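Undergrad: Need coordinates for the below:
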Amino acid sequence: MRIRKILAALTAFCLLALSAPITGAMADSHYYITVDLTNQIVTVYDSENTDDTNIVRQMICSSGRSATPTPTGTYHLPSRGSSERSEWYYFPKFKCYAKWATRITGGILFHSTLYTSAKKGPTSSSSRALGSKASHGCVRLRVSDAKFIAQNCGTGTKCRIFASGKTNSKLRSKLKRKTFIRDKQTYDSFMGRKPKESPLPLGRGSTGSLVTQMQTRLQALGYYGGAVNGVMGKSTVKSVKSFQAACNLKKTGRVNQALWDIMFADTAPVGTEITLAEGSAGPAVAALQTNLITLLMMQGSADGTFAATTAEGVRNYQNTFGFAVTGAADANLQTDIAERAAEVRQSFGSTPYALSVVTKNAQMARVKAHSGVRLRSTASKKGKTVKKLKYKSTMRVLSDGKQWTKVRANGRTGYVKRSSLTFYNEDVTENGYVEVSLPAVATTDATAATTAEVSTPAESGNAAGTEAVAAGTEAVAAEADAIVTEAEAVVEAEGIVAEVEEVAVTEAVADAEEVADTAAAAVVDGAGDAPESLPDPELSGETDNGLELEAEAVAEQTEEIVVEDSEDDPEPLPDELSDGMSDETTPEDAVPESDAPTDAGDMLTISEE
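TA: Now for the predicted structure:
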């Protein structure tokens, strides 16, 4: 008897608990629903603030007929029952189906228009009846609208059913044509009104040009993948929170002036939350390109435009490291590329490296749970499921934590509960990066002279290969040949040095200036190539006063750029160069033979380097 009393008490307690209304504190949804029986309109708000800017979705409906009216009052959506909030719901009394049924109270539900017993439909009669009282008490909706409530308005969501008593024909007419969805357009735009310009700070429901600018920027940074429509809806708020997290700021979803400035700064952090493909542009693409270049998958520059070259680089990476080859970079692939590029930079720095097949001992893991495990995007049960891994699936361990292990499995990177894995080590052969040693390039005095010879005019103001010229003298360019054929540069130069004060300057100076831009050795004014031939160094004739003045100016310029004399004794001048010098010229005034280019090979060696 006593046991029966205890069981009866427990049963009564359970019944009372089930019949008690769910309070707002228990709700797992912030939405607020109203059902206007006068206009046959269902509106979902962000909160109990029923301002137009808080309308998330507004839709036409069919409530109960006069004989079977929909009850008025305020209710809280109960927890899910059998077949509720799922694709199909069966009404045995009426022998028909509906989709996405969500209970309001008792036998009253939100659900789609009706389907026949063969699940065909929706029936034309129930679809045509939207906007009028046609049901047995439930609230009928379009399929997409019923699905939205079932999937977004959770247990405890407050729902008020009332009769406004005032018909809004304009709104009814618009909603019969299509449902209003805030993530697609502003309510003002839907109603044909001039949109409002929301100022900073921006929050959910804000509209206008500032929101458009923000959406465009977040898209370029890799955080926002929705429509750029000037409406700050759920997806925009989510992207703002992601950006705030990347900046180590509190995730409020609101944008004040300080956050706006950070967002539009050149140093704004880049995200990997949207798929990048041909046509994408911005800092997120530039970051991807930089990483692909680091990994030797792409040539060119990180210009921030996702074109054919970037797509090819993505395909190269996907093919090399076992991803599905698509040419597009989703969030997971971008993360994998970024992490691998960071490893390469840390491992090699400025040391040359190359892609190769490598074998190394690596930590591995195997799924030990017979039911399998979920690979999640973050180290949390709330993280999005990236992939389901079956029993005994193997994976590469990237980092091991106390509760979660970061792994790479089947080309996907994510986190797995550590307790679900068995760990082991094994030698793995895979594509990787190795250090390479470049062969040393032999450098002689002659090649050093050649290097000086191909330097820019800004770097060399004197004849190339000239190391020391006595103060007060003018370096006169020697005979040279400039021949360039596909990676070959052959430059031969001879220098003839004479004292400017003793040698009269004639037309040879002008000739040297005219061919200066094609000569291989720099002329005294520091620009151009050496002429193919020079006049006989033995000058004759009367000296032009203008040329003498020009020569003096050149000599002064030369004195400023003369290199200090070498401490080593210079080698004797070749016979062919000594002919054109005066008796007073000493070997110290001459160009050392070792400083002149020797042959084509010397020039090629420097060019290749």
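
Undergrad: use CA for all of it now, contacts and neighbours both
TA: Will do.

Undergrad: any residues touching stretch 47-57, and which ones?
TA: By Cα atoms under 8 Å, 6 or more residues apart in numbering, the list of residues contacting stretch 47-57 from outside reads 30-32, 43-46, 179-183, 187, 204-206, 233.

Undergrad: Which ones among those residues map onto strands?
TA: Using DSSP state E, the subset of the contacts of stretch 47-57 located in strands is 32, 43-45, 180-181.

Undergrad: Can you say which of the residues you listed are buried?
TA: Among the ones in strands among the contacts of stretch 47-57, the ones that count as buried by 16 or more other Cα atoms under 10 Å are 32, 43-45, 180-181.

Undergrad: any chance of those in JSON lines, plus pLDDT?
TA: Conversion of these to JSON lines gives the following (pLDDT from 0 to 100):
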{"residue": "Y32", "pLDDT": "96"}
{"residue": "T43", "pLDDT": "98"}
{"residue": "V44", "pLDDT": "97"}
{"residue": "Y45", "pLDDT": "95"}
{"residue": "F180", "pLDDT": "97"}
{"residue": "I181", "pLDDT": "94"}
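
Undergrad: From N319, how far off is R57?
TA: As for R57, its distance to N319 is 44 Å (criterion: Cα to Cα, to the nearest Å).

Undergrad: Those two: which is more packed in?
TA: Of the pair R57 and N319, R57 is the one with more neighbours under other Cα atoms under 10 Å, namely 20 against 14.

Undergrad: what about stretch 277-285, start to end distance?
TA: The first and last residues of stretch 277-285 sit 9 Å apart, counting by Cα to Cα.

Undergrad: that older thread, looking at the buried ones among the ones in strands among the contacts of stretch 47-57, spot the one nearest G253.
TA: Ranked by distance to G253 (Cα to Cα), these are led by Y45 at 17.3 Å.

Undergrad: does that closest one really touch Y32, like I thought?
TA: Yes: because the distance of 5.1 Å satisfies Cα atoms under 8 Å, Y45 is recorded as touching Y32.

Undergrad: can you list the domain ranges for the protein.
TA: Residue ranges for the domains of the chain, per automatic domain parsing: 24-181, 283-350, 355-435, 445-608.

Undergrad: Enumerate every residue touching K196.
TA: Contacts of K196 were listed using Cα under 8 Å, 6+ apart, and they are 188, 207-208.

Undergrad: One more: I274?
TA: 222-225, 330-331.

Undergrad: cool, and A150?
TA: For A150, the contacting residues are 85-86, 100-102, taking Cα under 8 Å, 6+ apart as the criterion.

Undergrad: Would you list the buried entries among those residues?
TA: By neighbour count, with 16+ other Cα under 10 Å, the contacts of A150 hold 85, 100-102 as buried.

Undergrad: Which of those sits closest to T272?
TA: When the buried ones among the contacts of A150 are compared for distance to T272, the smallest value, 32.5 Å, is given by R85; criterion: Cα to Cα.

Undergrad: gap between the residue nearest to D303 when sequence neighbours are not counted and S280?
TA: Across the structure, with Cα to Cα, 6 or more residues apart in numbering as the measure, the residue nearest D303 apart from its sequence neighbours is A286 (5.9 Å). When distance is defined by Cα to Cα, A286 is 10 Å away from S280.

Undergrad: now R177
TA: For R177, the distance to S280 - Cα to Cα - is 34 Å.

Undergrad: who has more neighbours, these two?
TA: When R177 is set against S280 and neighbours are counted by other Cα under 10 Å, the residue ahead is S280, at 16 against 10.
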